[in-house]
Every structure is written in structure tokens, then in C-alpha cells.
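> Kindly generate the corresponding structure for this input.
(one chain, ligands or ions: 1)
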Amino acid sequence: LAQLFRPLDLLGMVYRMIRQGIIDMDAMFSLVDRAPEIVDAPDAPPLAVDHGAIAFEGVTFGYDDDRTILDDVSFSVPAGSTLAIVGPSGSGKSTIARLLFRFYDPQAGRIAIDGQDIAGVRQASLRAAIGIVPQDTVLFNDTIGYNIAYGREGAGQDEVVAAAEGASIADFIALLPDGYDTQVGERGLKLSGGEKQRVAIARTLLKDPPIVVLDEATSALDSRTEAGILDTLDRVARRRTTITIAHRLSTIVDADAILVLDAGRIVERGSHRELLTANGLYAEMWQRQAQEREKGELVA
Ligand code: ATP
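Here you go, the predicted model:
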């Protein structure tokens with residue numbers, strides 16, 4: 001019977017998110033499996049974002065009581081800097097993003113943005129402050145223009161075009177039969193993984209949030225597409241506080257700081273160089289990926 005009610009639960013959650021003005025459908029689809037209800041305190045003030053500094057202080061979290069997923073995790077991301085989170089599959093990287101969005105509350109510790117505990121502010125204001133470029137972008141069965149404009153309610157056509165230019169997808173759109181009015185999605189033009197990611201980047205540029213979370217796709221794009229996307233992602237991250245959840249270490253060598261997560265604990269932190277010198281888990285992952293890259297090149 002519980003199985004039967006799950007979809008209803010999910011529908012309820014979707015409805016609540018829409019009512020709260022959470023327009024980040026991507027965040028919803030890619031980060032949420034099934035979140036328990038998190039309700040604003042009646043007098044919760046909106047988040048007042050100054051520069052968007054993030055702090056996790058002794059955060060411990062499990063989706064259920066039997067298993068701790070994050071264990072006493074503390075880190076800070078200074079305003080405007082980029083933090084990359086790496087670690088084996090299942091180590092808790094995406095969970096950190098879900099907690100930042102407050103899809104769940106930690107069992108212990110606190111998460112603060114510009115000194116304000118996110119558990120004490122209005123959720124709609126929290127989510128308005130954060131943009132996400134997810135692994136897999138959900139497109140609506142609508143025009144490509146609509147799919148970009150969706151980043152910010154009330155955006156004008158010139159702003160949509162500027163965002164498309166920022167995401168380096170404007171030239172591609174110009175060549176489509178109906179330009180920005182071209183239908184995309186299941187019942188329209190199918191976009192490639194890289195193109196969909198650019199739509200997500202354009203949405204985020206339009207939303208212009210002080211904080212962004214970049215969730216790198218697990219499956220590799222071809223290396224030319226990837227280089228292009230990295231370039232545009234750099235543009236998104238510029239002047240914003242950025243958390244990048246990375247699978248390929250080659251994409252984050254320039255991050256201001258790197259956290260290495262293993263089974264829910266931070267086992268190493270530092271810059272790319274420092275972590276290579278430390279010769280621990282990061283260095284091991286780096287060597288393994290370097291070998292894979294070499295093998296890939298040999299095959300190609
Ligand atoms: P990957 O690199 O594979 O994306 P990750 O480091 O991002 O992994 P998380 O998605 O944060 O890992 O998941 C951490 C652990 O929490 C995993 O063992 C996962 O099975 C578990 N988990 C994730 N979401 C849920 C959920 N909604 N309910 C219960 N357990 C979950």
C-alpha cells in the first residue's frame with residue numbers, strides 16, 4: 001500500500017515547491033528523490049545575501065537513522081571563490097548540494113550563508129539565491145526560448161538572447177528553423193547532452209544567482225565539447241560563490257580549494273598541487289584518471 005501512496009507524496013512535494021516559488025525544476029528532478037516535508041517557520045525572514053559566503057559547520061546527516069551519509073563535515077567557501085568536491089561514487093557529494101538547498105535538514109551542525117543559518121530563513125529566498133547546472137537538464141516540451149526564459153520569471157527576449165550568448169548556444173539557436181521559437185524536448189528537436197547543458201547554463205546566467213552549484217555529468221562529453229563547456233562554466237562561476245561536484249579531476253585543477261570526501265568524511269583538502277604533494281586519495285584518483293585518459297587516447 002505504501003508503494004501506492006509514494007507517487008501521491010511526490011505530487012504533494014512538487015505542489016509545495018511550486019507554491020513556494022521554487023522554479024528550479026532541474027534542482028528538483030536531479031537532486032530530490034523524495035524529501036520529507038520541510039516547513040518554514042511562520043516568521044522566517046528572507047535570506048539576506050551579501051556576498052554569498054557558505055559555511056558547513058559540523059554537519060552530520062543520514063537519509064534515515066540507520067546510516068550516516070555525512071559525518072561531521074565542516075568547510076567554508078569564501079564569497080566569490082570556487083570549491084570543488086570530489087570523492088568516490090556514493091561518498092556524499094550530491095548530498096552536500098541537497099542540504100545546501102535545504103531539501104533536508106542535518107541531524108547535527110548547521111549550514112550558513114553569509115552567517116545566517118539556512119534552517120531559519122524562508123526557503124523560497126534560499127533557493128532564489130542558488131542556481132544549479134545539473135548533470136542532466138530536463139527540457140520542457142516547449143520552445144528553446146521558453147526553456148531558457150524559465151531561468152527567471154518575466155525575462156525579456158533581449159535578456160534571453162544575452163544569456164544564450166553567454167552560454168555559447170546563441171549561434172546554434174540562430175541556425176534552427178524557427179530560431180528561439182523552435183520546439184524542443186520529447187515532441188520536438190532533441191538536443192545533445194552538451195547542448196542541454198548549455199541551456200542549463202543560459203538559464204543560470206539569466207537567473208544570475210550569487211551562488212551556483214555545478215554538478216558535472218558523470219558520462220564524459222567528447223573532449224572538444226567538454227573544453228567548450230568548461231569555458232562557459234568558468235563564465236558562470238566568475239564573481240559567484242561556486243561549488244562544483246566533480247567526477248573528472250582534470251576539470252577542477254584551477255579550483256580555489258578542493259575537498260576530498262570518502263564515505264561521508266572529509267579526508268583531504270587543499271589545492272590541486274597541495275593534494276598531489278600529499279600523495280593520498282586525491283593523488284591516487286588523479287593517477288588512475290590520468291591512466292584512463294591515456295588509454296582513451298590510445299584507443300582513439
Ligand atoms: P556519485 O558520484 O555516484 O553521484 P555522490 O558522492 O554524489 O555519488 P550521494 O548521491 O551524495 O553520493 O549519495 C551518498 C549516499 O547516500 C549513497 O550511498 C546513496 O545511496 C545514499 N542516498 C542518496 N540519496 C538517497 C535517498 N534519497 N535516500 C536514501 N539514501 C540515499
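
> Show me the helices in the stretch 151-300 of the chain, by range?
According to DSSP state H, counting those that start in this stretch, the stretch 151-300 of the chain carries its helices in the segments 157-166, 170-174, 193-207, 223-237, 272-278, 281-299.

> between those helices, which gets nearest to Gly109?
helix 281-299 (23.0 Å; Cβ to Cβ). For glycine as for every other residue, the C-beta is placed from the backbone atoms N, C-alpha and C.

> Quick check: residues of the stretch 51-200 of the chain near the ligand?
Proximity of the stretch 51-200 of the chain to the ligand, by Cβ under 6 Å from any ligand atom, involves residues Tyr63, Ile69, Gly87, Ser89, Gly90, Ser91, Gly92, Lys93, Ser94, Thr95.

> Between all of those residues, which two are separated the most?
Spatial extent of those (Cβ to Cβ) is set by the pair Tyr63 and Gly87 at 17.4 Å.

> Which one of these two is surrounded by more residues?
Per other Cβ atoms under 10 Å, whichever of Tyr63 and Gly87 has more neighbours is Gly87, with 24 against 15.

> list the contacts for the more buried one?
Shown in contact with Gly87 (Cβ atoms under 8 Å, 6 or more residues apart in numbering): Lys93, Leu259, Val260, Leu261, Asp262, Leu281.

> quick one: which of those is nearest to Gly151?
Set against Gly151, the nearest of the contacts of Gly87 by Cβ to Cβ is Lys93 (24.1 Å).

> Phi first, then psi, for the closest one.
The phi and psi values for Lys93, taken as degrees, to the nearest 10, are phi -60, psi -50.

> C-terminal to the worst-scoring helix or strand of the chain on mean pLDDT, what's the next element?
Least confident helix or strand, the chain: helix 25-31 with a mean of 52, by mean pLDDT, DSSP states H and E. Downstream of helix 25-31, the next assigned helix or strand under DSSP states H and E is strand 54-61.

> Would you mark the buried spots in the next helix or strand after that next one?
Next in sequence after strand 54-61, counting helices and strands by DSSP H and E, comes strand 70-77. Neighbour counts using 16 or more other Cβ atoms under 10 Å place Leu70, Asp71, Val73, Phe75, Val77 of strand 70-77 among the buried residues.
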